[in-house]
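Enquirer: Quick one: sequence and predicted model below, then my questions.
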Amino acid sequence: MLLRPLLLASAALLALPAHAEETPANGNTAPATSSTESKAPATSDQDHDQPGAQIVVTGTRARNTADVLGGTAVLAKEELTRDLRPTIGDTLANQPGVSATSFGPNASRPVLRGFIGARAPLLTDGIGSIDVSNTSADHAPIINPLTADRIEVLRGPTALIFGPSAIGGVVNVIDSRIPRHMPEEVVHFDGIASYGSAADERSVSGTADVPVTSKIVLHADGSFSQTGDQRTGGYVLSRELRAQAAASADPEIQELADLKGKVPNTAGKTWDVAGGAAIIDGNNNLGFSVSHFDTLYGVPVRYSLDPSVEAEQVRLHAQQTRVDVRGEVNIGDGFFKQLRTRWAAADYKHSEIAEDGAVGTTFYNQGYEGRLEMVQSGRGGWDGLIGGQFSLRDMHVVGDEKFLPKNSAQQFGLFTLQSLDLGAFKAEAAARFEHNNVSAQADADIGNPAYNRNFNSFSASLGASYAVADGMRFGVNVSRAERAPTPEELFANGPHAGTQAFEIGNPNFGTEKSWGVEATFKGSGDGFAFSTAAYYNWFKGYIYDSPTGATQDDLPVFQYNQADARYYGFEAEGSLRLATVKGFTINATALADYVHAEIVGTGPAPRIPPLRINGGLEATSDAFTLRGEVEHVFDQTRISAFETPTNGFTFVNASVSWKPWGAGSNTSLQLSANNIFDVEARRAASVLKDYAPLPGRDIRVTARIQI
């Protein structure tokens with residue numbers, strides 16, 4: 001059942017006429033480029049020179065980031081190696097406009113401009129992760145940063161082609177599981193190994209590509225990571241909870257006030273393997289991969305200060321088997337020049353395991369997703385694409401603590417992205433129509449009848465930028481988006497052991513609608529670069545969850561609600577060359593971001609990151625990069641009802657990277673020290689911020705080898 005749709009799609013694609021184009025002399029093939037792409041610097045060896053901060057290569061097209069209308073970030077090369085963590089959330093947490101949910105060292109999801117879940121989709125080469133990470137913050141996304149070549153955070157009109165709800169942006173993880181080009185070597189190998197002291201983290205991964213003929217390349221990769229309980233720089237419980245624990249008459253509760261050192265029940269182990277192959281003929285290619293992901297990790301304990309309620313130590317064991325297909329075929333010189341397709345199917349399950357080893361609840365999820373794009377030929381500065389996308393998901397929860405009935409979600413969408421490049425003036429527009437069907441079976445165990453809901457939505461985005469000076473552009477983007485409620489928002493009604501909360505949805509929710517405007521100002525020149533963005537989003541029928549103050553089944557009740565909302569904020573980052581000294585270039589860097597969120601008539605939205613600033617000094621040469629930085633996160637006192645404030649904190653970090661074979665090599669050895677002064681810190685965006693602080697002092701060693 002899992003393979004049949006993909007095998008049929010592969011056969012159909014192979015039957016399409018292939019108009020091979022001339023292969024470059026080095027044997028590599030590059031994606032078709034548009035008029036805006038032609039200005040991107042070329043690379044001589046795509047197997048060794050991954051695109052850096054100047055190029056964004058999404059699942060659909062390559063674009064110069066100087067022309068992107070939304071605030072976009074790319075994590076690649078040395079920066080990816082330095083920031084690499086076992087979770088996608090912690091890996092991206094240093095990017096502008098990005099925070100993380102921070103459920104310990106093994107389950108953390110990105111928070112984009114204060115948004116999470118459906119408003120901040122996670123993709124693998126343009127296709128969803130096909131898991132249940134949207135269901136709850138304790139569910140780890142089945143996306144492995146250890147095998148990533150590059151991670152993009154996309155915003156603006158481009159984000160709309162991946163889904164109508166990407167208000168905060170889209171995280172797109174690009175890997176090489178389906179090869180895009182032929183290696184020059186007999187065997188191309190990329191390996192990475194790291195150790196982090198804060199959680200006794202050990203990880204290793206490796207990828208290999210082998211050309212077996214002039215047009216066929218095989219791929220294999222694998223990774224393994226293991227952590228112990230995460231060490232923290234201070235107390236485990238927040239100041240407010242420690243005060244309550246100390247005031248308790250129960251001796252065991254009083255002991256919680258002094259709990260420090262390590263966050264209990266946060267150890268984990270993850271392994272991941274994949275194999276794939278591709279046929280590459282000029283700019284035509286077709287490939288597939290098969291992968292299996294397995295992780296077992298603990299969820300930080302939400303301690304109860306009521307002696308009659310026992311806190312649960314829950315572990316999650318998640319597994320996913322997945323098949324992916326990607327193809328690109330040149331179809332001539334007419335209105336359309338290329339057909340691109342991407343398909344995936346996955347079987348997923350995870351079990352929530354109690355302290356005594358008993359399985360309390362198991363989630364089953366089977367999903368299919370695919371997209372087809374027709375890329376237009378460039379004409380007088382105008383290019384673009386049109387396409388369609390579908391996703392099917394069936395989810396079933398079994399066990400005493402299930403909080404969702406058996407449900408299905410079907411989504412079908414049509415989209416277009418159009419670009420106009422007139423030199424100083426550039427414009428981009430995107431539109432998307434989507435039909436969603438969401439249904440749930442009757443479930444007497446949780447008291448839900450059968451439901452069947454249909455939603456039609458239309459979303460659009462229009463932006464333009466103008467070159468106000470050499471190397472500097474000012475842009476404005478306006479968007480209108482509609483989002484159908486998720487099954488979790490509609491049908492939840494029960495205790496959830498992973499988050500240790502009783503969750504209640506509302507099956508009568510309507511479509512969430514939003515308008516947004518964003519202004520950007522970006523520039524670069526001799527020795528400097530900067531990027532700024534300011535945005536404002538207003539919602540009608542905004543869906544959010546918040547604690548009610550009540551308890552049920554000895555758990556705090558979290559209720560989904562729908563109301564109007566307002567979000568606004570900014571991001572800014574820049575670098576400035578200060579001097580060149582004995583072969584070293586000295587640069588100063590700075591970053592700041594802020595988001596303000598308000599539920600109209602209620603007050604602040606829950607779990608919103610506060611103002612953050614970061615300043616650093618970096619010295620680079622052909623062989624060495626030395627960096628020191630100070631990051632300060634301010635207090636978060638704008639909180640929702642029953643939410644606790646979060647104290648500010650300051651991290652001091654330092655790192656040194658050595659490339660033994662010089663700047664032309666991607667082989668490197670890195671040593672970094674994070675949170676050098678071992679401060680206690682908590683992320684306001686985390687549901688468990690009062691129970692799970694961030695890591696304390698973390699000494700990391702990372703070796704990367706590419707041959």
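Expert: Now that the structure is in, tell me what you want to look at. Treat the numbers as computed from the prediction; the structure is a model and nothing was measured.

Enquirer: Quick one: the helices in the stretch 1-150 of the chain, in order.
Expert: Applying DSSP state H, counting those that start in this stretch to the stretch 1-150 of the chain gives helices spanning 4-14, 77-83, 88-92.

Enquirer: Can you show me the CA trace of the shortest one as CSV?
Expert: Written as CSV, here are the backbone C-alpha positions of helix 88-92 (Å, rounded to 0.1, in the frame of the first residue of the first chain):
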residue,chain,number,x,y,z
ILE,A,88,15.9,20.8,14.0
GLY,A,89,14.6,23.4,16.6
ASP,A,90,17.9,23.8,18.5
THR,A,91,19.9,23.8,15.2
LEU,A,92,18.0,26.8,13.9
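
Enquirer: State the mean pLDDT of it.
Expert: For helix 88-92, the mean per-residue pLDDT is 92.

Enquirer: Please enumerate residues in contact with it?
Expert: 75, 80, 83-85, 98, 100-102, 105, 108-111, 122, 141, 143, 145, 151, 153, 171, 173 (CB atoms under 8 Å, 6 or more residues apart in numbering). Heads up, the C-betas are built off the backbone N, CA and C, glycines and all.

Enquirer: Just those: which are in strands?
Expert: 75, 98, 100, 110-111, 122, 151, 153, 171, 173 (DSSP state E).

Enquirer: Is it possible to mark the buried ones in the residues you listed?
Expert: By neighbour count, with 16 or more other CB atoms under 10 Å, the ones in strands among the contacts of helix 88-92 hold 75, 98, 100, 110-111, 122, 151, 153, 171, 173 as buried.

Enquirer: Dump these to a markdown table, plus distance to Tyr560 and pLDDT.
Expert: A markdown table is the format used below for those (distance: CB to CB, whole Å; pLDDT from 0 to 100):
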| residue | distance to Tyr560 | pLDDT |
| --- | --- | --- |
| Leu75 | 32 | 85 |
| Val98 | 24 | 94 |
| Ala100 | 22 | 93 |
| Pro110 | 21 | 93 |
| Val111 | 18 | 94 |
| Leu122 | 21 | 92 |
| Ile151 | 30 | 92 |
| Val153 | 26 | 90 |
| Val171 | 24 | 93 |
| Val173 | 28 | 93 |
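
Enquirer: Pull the number of nearby residues for Leu417.
Expert: For Leu417, the count of nearby residues is 25 (other CB atoms under 10 Å).

Enquirer: Could you double-check that it lies in contact with Leu160?
Expert: Yes. Assessed by CB atoms under 8 Å, Leu417 is found in contact with Leu160 at 7.4 Å.

Enquirer: rewinding a little: nearest to Phe570, of the ones in strands among the contacts of helix 88-92?
Expert: Val98 (13.8 Å; CB to CB).

Enquirer: can you pull up the bridge partners for that closest one?
Expert: Leu112 (DSSP bridges).

Enquirer: swap in Val397?
Expert: Bridge pairing for Val397 - DSSP bridges - gives Phe363.

Enquirer: same deal with Ser225?
Expert: Under the criterion used (DSSP bridges), Ser225 bridges to Ser203, Thr270.

Enquirer: what about it, distance to Phe425?
Expert: 48 Å (CB to CB, to the nearest Å).

Enquirer: do the same with Glu518
Expert: Distance from Glu518 to Phe425, by CB to CB: 18 Å.

Enquirer: Between those two, which has more neighbouring residues?
Expert: Taking other CB under 10 Å, Glu518 and Phe425 do not tie; Glu518 has more neighbours (22 against 13).

Enquirer: Could you measure from Val153 over to Val171?
Expert: Val153 sits at a distance of 6 Å from Val171 (criterion: CB to CB).

Enquirer: To clarify, my last question referred to Gly475.
Expert: From Gly475 to Val171 the distance is 22 Å (CB to CB).

Enquirer: May I have the phi/psi pair for the residue lying closest to Arg113 once chain neighbours are set aside?
Expert: Nearest residue to Arg113, sequence neighbours excluded (CB to CB, 6 or more residues apart in numbering): Gly168, at 4.3 Å. Gly168 adopts backbone torsions of phi -80, psi -20, taken as degrees, to the nearest 10.

Enquirer: same question, Pro251
Expert: Dihedral angles of Pro251 (phi, psi; degrees, to the nearest 10) stand at phi -60, psi -40.

Enquirer: In contact with it, which residues?
Expert: Applying CB under 8 Å, 6+ apart, no residues contact Pro251.

Enquirer: shouldn't Asn144 be in contact with Ser223?
Expert: Yes. Taking contacts as CB under 8 Å, Asn144 lies within contact range of Ser223: 6.0 Å.

Enquirer: can you list residues touching both of those two?
Expert: Counting by CB under 8 Å, 6+ apart, the common neighbours of Asn144 and Ser223 are 205, 270, 272.

Enquirer: And the pLDDT for the first one?
Expert: The model reports Ser205 with a pLDDT of 95.

Enquirer: cool, Pro307 as well?
Expert: Taking Pro307 on its own, its pLDDT is 88.

Enquirer: and it, how far is that from Glu355?
Expert: On the measure of CB to CB, Pro307 and Glu355 end up 18 Å apart.

Enquirer: Repeat that for Ala501.
Expert: From Ala501 over to Glu355 the distance is 18 Å, taken as CB to CB.

Enquirer: Which one's more surrounded, those two?
Expert: More neighbours surround Ala501 than the other of Ala501 and Glu355, with 23 against 14 (other CB under 10 Å).

Enquirer: ok, now which ones touch that one?
Expert: Counted by CB under 8 Å, 6+ apart, Ala501 has contacts 495, 547, 555-558, 687.

Enquirer: If we use 7 Å, what do you get?
Expert: 555-556, 558 (CB atoms under 7 Å, 6 or more residues apart in numbering).

Enquirer: Can you lay out those as TSV showing pLDDT and neighbour count?
Expert: Output for the contacts of Ala501, formatted as TSV (pLDDT from 0 to 100; neighbours: other CB atoms under 10 Å):
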residue	pLDDT	neighbour count
Leu555	82	22
Pro556	84	18
Phe558	89	21
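
Enquirer: Could you single out the nearest of those to Ala346?
Expert: Top of the list for closeness to Ala346, among these and by CB to CB, is Phe558 at 27.7 Å.

Enquirer: so the closest one touches Asp545, yeah?
Expert: Yes. The pair Phe558 / Asp545 is scored as a contact, 4.9 Å apart, by CB atoms under 7 Å.

Enquirer: Are there residues contacting both of those two? Which ones?
Expert: Counting by CB under 7 Å, 6+ apart, no residue touches both Phe558 and Asp545.

Enquirer: Just the element for Ile253, please.
Expert: Element membership for Ile253, per DSSP states H and E: helix 251-256.
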